[in-house]
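1. Structure here, sequence nowhere to be found:
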C-alpha cells in the first residue's frame, strides 16, 4: 500500500502520501535539439509532470545540459540510460533530475558503484528500471527472473548506503505486471513507478494500461505512472490523467462524459465533443468538474443534470444545465459557444 519512502525529483516528490505523478517520454531523437525542445514544451503544456529522455550519445548529453542551463522547461527530466554506465554519470553531471538504469544491460557491480558515487555527490535519485525486454532468452519464469534481479540490485544499492531509489519492473502482459508489482509492494519501501510496457497503439494500449494500472492503483500500489503507447507522447499524458482521475486519485482534471449516440441523435456529437474538449483543455482548468455532453433529449437531460455542467442536444436546439438546473435553451447554431463560455466563466 502507498506509504513509501519519499524521493525528491527536481522540485517534486514521489512516495509517502504525495500525489501520484504522470510521466511520459519524448519520442524524438534527443540529439535533435529543436525537436526535443518542441516536444518537451508540448508535454509540459498538457500537464506532464516528469519527462524521460533517451541518452545514447554525447550529443544527447550536450542537449540535456543545454536544456537545463537555459531552463527551457520546469518539469524534471529523467535521463534514460542503457548499456553505457559512463553516459549515466555524464547525465548526472549535465543536470538530470533523476537517472534510470536497467540492471539487465548495465550489469557490473563496479559500474553500479561508480554511478551511485556520482549520484550521491549530486544528490540525484536513481530509478532501478527493470524491463522484460532486457531478458534475451525465451523463458517461462520471466517474473521470477525480474524479481531476483531486483533483489540483487536493491541489496547492492543499500549496501552502498544509497536509498534515493525508485523501482519499476515492467512487462507487457497485464496479469504478470499485477503479480510482479504486488510482490514488489510487499517487500520494498521505495516509491514505485508503474507502467505496462510495449502496450501497442493508443486505443488497445490505453485499454491494456488502464486494466493493469487501474487494478494496481486501486490497491494502493504506485507512486508515479507512465502509459507507454506507440504514438504521440501527449496521448500518454492524457491517458495517465484519465486513469488517475477515474479512480479519483487526482482531483485536478475536468471530466468530460458523453453518450455513445444512437439512431435518436440529431447532431454530429463526436465532432461537438472534440470541439468542447479542445477548448476546455486549452483553458488548463486545475479542478475536478464533471461536464456532460448528450446527443438527444431522451436520457440526455437526466444524465446532463447530474454533472456540474451539461448540455443535451435536440434536432434544432438544446438545453444547457449547471449544477442540475436548466440555465437556458439555445439553438444549435449558438449552443456550443454558449456552453463553453459558461464553463470558462464559472469553473465552479
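-> Arrived safely. Predicted model only: the values in this text are computed from it and were never measured.

2. which regions of the protein sit below the pLDDT cut-off?
-> The chain contains residues with pLDDT under 70 at 1-2, 137-139, 299, 347-348.

3. 80 instead?
-> Judged by pLDDT under 80, the chain has its weakly predicted residues at 1-3, 133-140, 297-305, 346-348.

4. Would you map out the domains in it?
-> Split into domains by automatic domain parsing, the chain comes to 4-246, 255-346.

5. start to end distance for the shortest one?
-> Put plainly, it is domain 255-346. 16 Å (C-alpha to C-alpha, to the nearest Å).

6. centre of the chain versus that domain, how much separation?
-> 27 Å (C-alpha atoms, centre = their mean, to the nearest Å).

7. Ok, the first one next?
-> Distance of domain 4-246 from the chain centroid (C-alpha atoms, centre = their mean) equals 11 Å.

8. the strands in the stretch 1-150 of the chain, which residues?
-> 4-9, 12-16, 21-25, 50-55, 77-81, 98-101, 126-131 (DSSP state E, counting those that start in this stretch).

9. now the ones you listed as JSON lines including distance to residue 158 and mean neighbour count?
-> From N, CA and C alone the C-beta is placed, and that goes for glycine too. Formatted as JSON lines, those follow (distance: least, C-beta to C-beta, whole Å; neighbours: other C-beta atoms under 10 Å):
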{"stretch": "strand 4-9", "distance to residue 158": "12", "mean neighbour count": "20"}
{"stretch": "strand 12-16", "distance to residue 158": "16", "mean neighbour count": "18"}
{"stretch": "strand 21-25", "distance to residue 158": "24", "mean neighbour count": "25"}
{"stretch": "strand 50-55", "distance to residue 158": "24", "mean neighbour count": "22"}
{"stretch": "strand 77-81", "distance to residue 158": "21", "mean neighbour count": "26"}
{"stretch": "strand 98-101", "distance to residue 158": "16", "mean neighbour count": "25"}
{"stretch": "strand 126-131", "distance to residue 158": "11", "mean neighbour count": "24"}
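
10. can you tell which of those strands is closest to residue 191?
-> Ranking the strands of the stretch 1-150 of the chain by distance to residue 191, with C-beta to C-beta as the measure, places strand 12-16 first at 3.6 Å.

11. mind listing the strands for the stretch 151-300 of the chain?
-> Going by DSSP E, counting those that start in this stretch, the stretch 151-300 of the chain shows strands at 165-170, 193-194, 224-226, 255-258, 290-294.
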